[in-house]
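**Student:** I would like to see how this sequence folds:
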Amino acid sequence: MKKHRSSKAKNQTYHFKRRCDERIGAQIDRKAIQKRIKANKYDNDFFLNRQSNRVTRYRYKHEGVWYIIPYDKNTHKVITIFEDRKQDTAPKEFIAETKENVKTTNLLERFSAWLQNFFSFLSNRSC
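**Tutor:** Just a heads-up that it's a prediction; the model follows:
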């Protein structure tokens, strides 16, 4: 491939091809992936999460291994590919697991903790 690429979309395509060779050792049909993304964007087995307003992450299974593929909605290109560390988990289970790990505290608990810290600060300051 020539080194001079004139647009962001061409750079993303080149990057995806390089990462496929580097991480998988073969080329994945990126146009088929892009068509699948356009056809069923929010399929629960395929859609993983939104990374930003521009980038959405999808899961893709190739030869029995799950991969995460970020997709740029502005250029309509796949950006890169990397192996999913949670191979056995379905996306729904993955999302539920991350929600369980988030510690939820209500407003009263946070306020009481703040008050305790504030009073300990005042007592230490007056000495």
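**Student:** which stretches of this structure aren't confidently modelled?
**Tutor:** Within the chain, the ranges that satisfy pLDDT under 70 run 1-5, 44-45, 87-106, 126-127.
**Student:** try 80 this time
**Tutor:** 1-6, 26, 29-30, 40-50, 84-110, 125-127 (pLDDT under 80).
**Student:** mind listing the helices for it?
**Tutor:** 8-23, 30-39, 91-101, 107-126 (DSSP state H).
**Student:** turn those into CSV, columns for mean neighbour count.
**Tutor:** Using the backbone N, CA and C atoms, a C-beta is placed for each residue, glycine as well. Converted to CSV, the helices of the chain look like this (neighbours: other CB atoms under 10 Å):
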stretch, mean neighbour count
helix 8-23, 15
helix 30-39, 14
helix 91-101, 11
helix 107-126, 9
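**Student:** can you lay out those as a markdown table showing distance to Arg85?
**Tutor:** Shown next, in a markdown table, are those (distance: least, CB to CB, whole Å):
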| stretch | distance to Arg85 |
| --- | --- |
| helix 8-23 | 13 |
| helix 30-39 | 20 |
| helix 91-101 | 10 |
| helix 107-126 | 32 |
